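Peer 1: Show me the folded form of this:
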Amino acid sequence: MTVGELTLPGCYLGSNFSYNVEKMVENEYLAHERSVHDQRAIHIRWTEKGIKLRDSLTAMQRRHIEMLSRASVSADDLRAAGITLRRLENFWMRAADLGQRPQRPAPVSSLPAQPLFA
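Peer 2: Predicted structure coming up:
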């Protein structure tokens, strides 16, 4: 599989994909090599260490799915939680963006000015 194929919709979402692949190669979870036919393409594959990690994460996910079903958490509950978390993330992103912008001066009122001391 090439790195480009992993970035197709549904395979991987994230803005720091190249960084993550680089770190996984550095930590020996993935091996990579340039394509013989196209030097722009990089083929990646799991290493033994990466396969062990993938298998342990898959087993952990299965355990969590089983634990959730015993905890009376339904698929609808998870969907609702996901929607709420996305809304909160959007709110925090907008709030952080607004917090970095300089404050606009208050709009000037069209009403006549009131004297401070009458």
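
Peer 1: going forward, measure contacts between C-alpha atoms and count neighbours the same way
Peer 2: Fine.

Peer 1: buried sites along the helix of greatest length in the chain?
Peer 2: Criterion DSSP state H: the longest helix present in the chain is helix 75-100. By 16 or more other CA atoms under 10 Å, helix 75-100 has no buried positions at all.

Peer 1: Just checking, which helix or strand of the chain averages the lowest pLDDT?
Peer 2: The element with the least model confidence among the helices and strands of the chain, by mean pLDDT, DSSP states H and E, is helix 3-6, at a mean of 65.

Peer 1: Any stretches of this protein with poor pLDDT?
Peer 2: Scanning the chain for pLDDT under 70 picks out 1-15, 99-118.

Peer 1: what's the burial count for R62?
Peer 2: Neighbour count for R62, taken as other CA atoms under 10 Å: 12.

Peer 1: Now it: which helix or strand?
Peer 2: Using DSSP states H and E, R62 sits within helix 48-70.

Peer 1: Show me what that helix is packed up against.
Peer 2: In terms of contacts (3 or more CA pairs under 8 Å, 6 or more residues apart in numbering; DSSP states H and E), helix 48-70 is packed against no helix or strand at all.

Peer 1: and that helix, how far out from the chain's middle?
Peer 2: Here the centre of helix 48-70 is set off from its chain's centre by 20 Å, with CA atoms, centre = their mean, to the nearest Å.

Peer 1: Other residues contacting that helix?
Peer 2: With contacts defined as CA atoms under 8 Å, 6 or more residues apart in numbering, helix 48-70 is touched by 28-30, 74.
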